[in-house]
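Undergrad: coordinates only, sequence not included:
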């Protein structure tokens with residue numbers, strides 16, 4: 001594989017049945033003929049396992065591969081510029097595609113790092129592009145997927161931009177819960193440290209801690225280590241939508 005991907009990662013060669021995994025659930029293969037599906041499964045090269053803290057790709061490296069998260073979580077961030085902290089751009093969970101934003105520029109836009117033990121499927125974009133030239137339906141599905149993934153992030157960012165920090169945090173918890181809904185309706189795991197959440201929400205770690213404490217006092221959530229139990233979904237939705245935590249504090 002490319003030197004873009006750290007050679008210390010654990011590579012497990014597998015035969016992928018993509019119709020039954022996240023690739024199939026993302027509708028990439030819907031209404032695609034069986035021959036095209038078989039050919040696509042043949043270009044999925046590896047199940048790549050990353051330990052916590054391992055980098056999947058480095059910002060600025062040449063784009064060669066697309067990835068689909070199977071298990072675990074990752075964060076994307078910009079590299080250090082002088083003495084500034086890196087800026088968290090996004091978080092990825094099971095089913096998310098990684099690398100779509102690199103197709104146009106030809107290089108990865110952010111560094112991607114595992115937040116937990118994580119496995120991803122890897123396939124060559126060049127081989128996939130050639131495959132799509134023979135199967136227009138597969139190409140059409142891919143374009144729809146790209147548009148949906150981009151709009152999902154832009155929409156989430158738009159809603160966050162218009163909110164107070166209290167409301168941003170409530171919205172973030174709801175968004176994480178939605179991404180992990182298949183596991184538990186009201187219990188979610190936040191594999192990222194609070195410093196990363198604060199960075200993503202453009203606030204301080206102390207502010208995130210104070211908001212979390214207040215939400216626990218209000219019996220809205222229960223937080224322990226990196227797990228959150230939503231005890232009052234309607235109240236959490238209210239805080240997210242109404243830009244306030246009952247006037248508790250005005251955070252900057």
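TA: Sure, I can see it. All values derive from a computational prediction rather than experimental measurement.

Undergrad: center of the protein - which residue?
TA: residue 92 (1.5 Å; CA atoms, centre = their mean).

Undergrad: got phi/psi on it?
TA: In terms of degrees, to the nearest 10, the main-chain angles of residue 92 are phi -120, psi 140.

Undergrad: these two touch, right, it and residue 68?
TA: No - counting by CB atoms under 8 Å, residue 92 sits too far from residue 68 to count as a contact (9.7 Å). In short, each C-beta sits where N, CA and C put it, glycine included.

Undergrad: residues shared between the contacts of the two?
TA: Here residue 92 and residue 68 have residue 98 as joint contacts, going by CB atoms under 8 Å, 6 or more residues apart in numbering.

Undergrad: out of everything not next to it in sequence, what's closest to the residue nearest to the centre of the chain?
TA: residue 74 (4.5 Å; CB to CB, 6 or more residues apart in numbering).

Undergrad: could you do residue 240 as well?
TA: The shortest distance from residue 240 to any non-neighbouring residue, by CB to CB, 6+ apart, is to residue 170 (4.0 Å).

Undergrad: the one you found against residue 233, yeah?
TA: No - between residue 170 and residue 233 there is no contact under CB under 8 Å: 11.0 Å.

Undergrad: and the two? Which one has more around it.
TA: The neighbour comparison of residue 170 against residue 233 (other CB atoms under 10 Å) goes to residue 170, with 27 against 14.

Undergrad: what helix or strand is that one located in?
TA: Residue 170 belongs to helix 165-179 when assigned by DSSP states H and E.

Undergrad: show me what that helix is packed against.
TA: Counting contacts by 3 or more CB pairs under 8 Å, 6 or more residues apart in numbering; DSSP states H and E, helix 165-179 is packed against helix 136-161, strand 187-189, helix 194-200, helix 205-217, strand 227-230, helix 233-242.

Undergrad: let me know the angle separating that helix from helix 233-242.
TA: On the basis of axes from the mean of the first three to the mean of the last three CA atoms, to 10 degrees, helix 165-179 is oriented at 130 degrees to helix 233-242.

Undergrad: show me which residues of helix 165-179 are buried.
TA: Under the neighbour-count criterion of 16 or more other CB atoms under 10 Å, helix 165-179 has 165-177, 179 buried.

Undergrad: for those, give me TSV that also has pLDDT.
TA: Output for the buried residues of helix 165-179, formatted as TSV (pLDDT from 0 to 100):
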residue	pLDDT
165	89
166	89
167	91
168	91
169	94
170	93
171	89
172	91
173	93
174	90
175	86
176	88
177	88
179	79
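
Undergrad: start to end distance for stretch 59-73?
TA: For stretch 59-73, the first-to-last residue distance is 18 Å (CA to CA, to the nearest Å).
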